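J.: Predicted model and sequence below, questions to follow.
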Amino acid sequence: MTILVTGATGTIGRDVVEQLLKKGVRVKAVTRNPETAQLPEGAEAVAGDLTKADTLRKALAGVTGIHLIASSYDSYVPWYTDPALIRLAEEAGVQRVSLLMSYEEGPLEEELKASSLEWTMLMPVEFMSNALIDWQPTIQAEGVVREPFGSVRSARIHEGDIAAVSVAALTNGGHHGQSYCLTGPEALSRMEAVKVLAEAIGRDIRFEELSEEEARQRWSGQGHDEESIAFFVQMGKNPPEIGYTVLPTVEQVTGKPARTFAEWALEHKDRFI
């Protein structure tokens, strides 16, 4: 069994690589810059650009399954995986694909569903690791988190649990045609999550709630366009029900309970001190 992991240097992809290696699975890890990827020992770094399917033609040789990401961002600019990759995967003899996607299907998802491949779609809610991106700098510098919509709840999920579902789908089978919505085991507001994080690091963290206007100004200063900002506000004020509804999917697929935010915080506490 050989699994091709796309987005291998990203939050989820790196966990997928590590978990596959622990299971003794051969891993080809796709990155645009293999020389600087710093992948776990045992992974074979292969060059490729998901927006240009043909760049992965050689990498697909001998591959039995793919952990695939549908889209990502470069400096706030979105990019999307080339749907032609699905046809190339079929031609190469790939059997299974686990697709990490958002909640809106596009050409890639349509191509995958129409293919002969065994597919499983993963639709996680908010990543727990977003706390590192959003909160780490101000916690380290000032002991504070500044966010809008502090009371809105989220069923945040551990990135390792998302990876575990992907690994199960790719290595165990029995998940063809499934679209899994993935959540953590609890729904916490931002204010509650900050309290959990403060307890984990043993340090007081102050929560300062931004007004909508202050949040808009911050997002604009970060380079987001008006359409994106309007989306952020909408999600903040009226998040979809699935965003805060706890589901048992992780445990059902992997056989292990989804990890709590407190567990995640203890694992990463040194990053906030």
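T.: On my side now, so go ahead.
J.: quick check: mean pLDDT across stretch 243-259?
T.: Confidence over stretch 243-259, taken as the mean pLDDT, stands at 97.
J.: just stretch 209-225 next, same as before
T.: Rounded mean pLDDT across stretch 209-225 is 94.
J.: May I have it as CSV, with CA atoms only?
T.: Below are the C-alpha coordinates for stretch 209-225, written out as CSV (Å, rounded to 0.1, in the frame of the first residue of the first chain):
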residue,chain,number,x,y,z
GLU,A,209,-14.4,41.3,22.7
LEU,A,210,-14.2,43.3,19.5
SER,A,211,-17.1,45.1,18.0
GLU,A,212,-18.2,44.2,14.5
GLU,A,213,-16.7,47.4,13.2
GLU,A,214,-13.4,46.7,14.9
ALA,A,215,-13.4,43.2,13.5
ARG,A,216,-14.1,44.5,10.0
GLN,A,217,-11.2,46.9,10.3
ARG,A,218,-8.8,44.2,11.5
TRP,A,219,-9.7,41.8,8.6
SER,A,220,-9.4,44.6,6.1
GLY,A,221,-5.9,45.4,7.5
GLN,A,222,-5.0,41.7,7.1
GLY,A,223,-5.7,41.9,3.3
HIS,A,224,-9.2,40.3,3.2
ASP,A,225,-11.6,41.6,0.5
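J.: how many other residues sit next to Leu100?
T.: Leu100: 25 surrounding residues under other Cβ atoms under 10 Å. For glycine as for every other residue, the C-beta is placed from the backbone atoms N, C-alpha and C.
J.: and it, what are its bridge partners?
T.: Counting by DSSP bridges, Leu100 is bridged to Ile69, Leu122.
J.: buried set for the helix-or-strand element of the chain with minimal mean pLDDT?
T.: Ranked by mean pLDDT, DSSP states H and E, the weakest helix or strand in the chain is strand 71-74, scoring a mean of 74. By neighbour count on 16 or more other Cβ atoms under 10 Å, the buried set for strand 71-74 is Ser71, Ser72.
J.: for the following helix or strand past that strand, packing partners?
T.: Once strand 71-74 ends, the next helix or strand along the chain (criterion: DSSP states H and E) is strand 77-80. Helices and strands touching strand 77-80, as assessed by 3 or more Cβ pairs under 8 Å, 6 or more residues apart in numbering; DSSP states H and E, comprise strand 71-74.
J.: how distant is the strand it packs on from the center of its chain?
T.: 11 Å (Cα atoms, centre = their mean, to the nearest Å).
J.: What is that strand packed up against?
T.: strand 77-80.
J.: any idea of the mean pLDDT in the strand it packs on?
T.: Here the average pLDDT along strand 77-80 is 78.
J.: Could you list the paired strands of that strand along with their orientation?
T.: Counting by DSSP bridges, strand 77-80 is paired with strand 71-74 (antiparallel).
J.: Cool, thanks, talk later.
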